[in-house]
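Novice: sequence unknown, structure follows:
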C-alpha cells in the first residue's frame, strides 16, 4: 500500500469510527467487500446499510480530518489494520460471529499512551468482573493481576468500578503494564471517579477505544467493547459475576474466539459469584485461584508448572511442602527425642531405603532445618511454637 493509499485508508477509518456505531456486522461485511474508501462513500451518500442511521455527510474527508485533529489535541493516535501496532488477535473477530448485534474487527483503534499496543498484548490476560464487587473479589483480582505482571504478562480490563479497577491497580502496584479498553472515547474519563486511575494507566500502559474522541459510553458500546477485551488477550479471567453480569458477555466472546475462559470461585452464598459458578459448572470456564494457575492455563502444555503454596485460607504452608518422597520417608522414620536418635543406617533400615540415598536425604533435610545430628545420630529438630503476634502464630477466637 502506497503512502497515499495509507492516508486515504486512515481518513476513511477515522470517519467510520466517528460516524458509525462500532461493531455493526453489515458495515463489517461492506468493508470486506469494497474496502474502507468505497464504504465511506456509500454510507456518506445515504445508501441504506442495516444498522446505520443518520450518517449522511457531504464532506466526509473534512469530517475525518477534524476527528484526527481532535484526537491529536487529546493525545490520541489512530491505529489501523495493516499497521505494525495493529494486534493480530483482532483478526479473529472476523470469524467469531455476532453477540447482541455486534461483532467483527473494529474500524480502527484510538490509543493513548507511549507503549506499542502489539508489544503489550504479546502476552496478555483479561481480568474482569462485577462492578459491585466485594472485598474478597477486589483482593483476588488485584493479587492475580500483580502476579501476572510479575511474570511479564500484561493485564487488560475495562476500567469500571469494582473488579476492573482492582485488576488495573494490582498491575500498577508492581510496575506492570495494563491496558484499559473503554466504551467511550479514550480521552473521556469514565467513570468520573477514575480520573487518577486512568491517568496512571495511560502513563504505565495504554488507554484505548474504538469509539472516537469525545464519545460518551452507551450500553451497546459496552457490549461491543467486550469483544475487544477478549480478542486482545490469550485468556479471560472472571472474578465475581452475577447472573446478568456483562463480564459473562466477555467470557462468551472468549469462547467464540477460541480464547481460554477462566473463573475464580467465590463463597457459594455470594450472589456476586453466581454467574462465575454457573460458567464453571457448564465448563465455559476453568477454575483458577491465583496467577500461577492462570499462567499454567495459557502456557504451552508442560512448559509451566505450578510451584505455589496454599493461599486464600486453604491451609498454612508446611515445612514438608515440596519434599521428595524419599525425604518424607526419611523424616517420618526419625524420632523427636535425643535419647532415641538413630544412625543413618538405622534410619535406612526403618524406611527400607538405600543407606547412601538416606544419608544424602538426611544432609538435605538438615540443610533445610528439619533434622538435627549429634555424634552421628539423627532426630527431628524441635521447633519452638511461635509467640502471639509472630508469623505462624494461631489466633484463638
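Specialist: Thanks, I have the structure now. Please read these numbers as outputs of a predicted model, since none were measured by experiment.
Novice: and the nearest residue to residue 222 once chain neighbours are set aside, which of the three is it?
Specialist: Leaving aside its chain neighbours, residue 222 sits nearest to residue 183 (4.4 Å; criterion: CB to CB, 6 or more residues apart in numbering). C-beta here means a position set from N, CA and C on the backbone, and glycine is covered the same way. Assigned by DSSP: H, G, I helix; E, B strand; the rest coil, the conformation of residue 183 is coil.
Novice: next one: residue 189
Specialist: Residue 189 - assigned by three-state DSSP - is coil.
Novice: phi, psi for the closest residue to it other than its chain neighbours please.
Specialist: Closest residue to residue 189 apart from its sequence neighbours, by CB to CB, 6+ apart: residue 195 at 4.8 Å. The phi/psi pair for residue 195 (degrees, to the nearest 10) reads phi -60, psi -50.
Novice: give me the distance between residue 195 and residue 170.
Specialist: Per CB to CB, to the nearest Å, residue 195 is found 19 Å from residue 170.
Novice: compare those two (neighbour count), which wins?
Specialist: residue 170 (27 against 10; other CB atoms under 10 Å).
Novice: thought that one was touching residue 140?
Specialist: No - in terms of CB atoms under 8 Å, residue 170 does not count as a neighbour of residue 140; the distance is 9.5 Å.
Novice: flag the shaky bits of this structure, pLDDT-wise.
Specialist: 301-318, 382-397 (pLDDT under 70).
Novice: all strands for it, in order.
Specialist: 77-79, 98-99, 102-103, 109-112, 124-129, 154-157, 178-181, 206-209, 235-239, 260-264, 286-287, 371-374, 377-380 (DSSP state E).
Novice: list the buried residues of stretch 38-52.
Specialist: Along stretch 38-52, these residues count as buried under the neighbour rule (16 or more other CB atoms under 10 Å): 39-40, 43-44, 49, 52.
Novice: next, the contact list for the residue nearest to residue 260 when sequence neighbours are not counted, please.
Specialist: The shortest distance from residue 260 to any non-neighbouring residue, by CB to CB, 6+ apart, is to residue 235 (3.8 Å). Counting by CB atoms under 8 Å, 6 or more residues apart in numbering, residue 235 touches 125-126, 254, 259-262, 294, 297-298.
Novice: the domain parsing of this protein - what is it?
Specialist: 3-73, 89-298, 316-397 (automatic domain parsing).
Novice: if I pick the closest residue to residue 271 other than its chain neighbours, what's in contact with it?
Specialist: Distance criterion CB to CB, 6+ apart; nearest residue to residue 271, sequence neighbours excluded, is residue 242 at 5.8 Å. By CB under 8 Å, 6+ apart, residue 242 lies in contact with 130, 271-275.
Novice: hmm, 6 Å instead?
Specialist: Counting by CB atoms under 6 Å, 6 or more residues apart in numbering, residue 242 touches 271, 274-275.
Novice: next step: those residues restricted to helices.
Specialist: The helices, defined by DSSP state H, take in 274-275 from the contacts of residue 242.
Novice: redo the contacts of residue 242 as CSV? Include distance to residue 134 and neighbour count.
Specialist: As requested, those are exported to CSV (distance: CB to CB, whole Å; neighbours: other CB atoms under 10 Å):
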residue, distance to residue 134, neighbour count
271, 10, 14
274, 13, 18
275, 14, 23
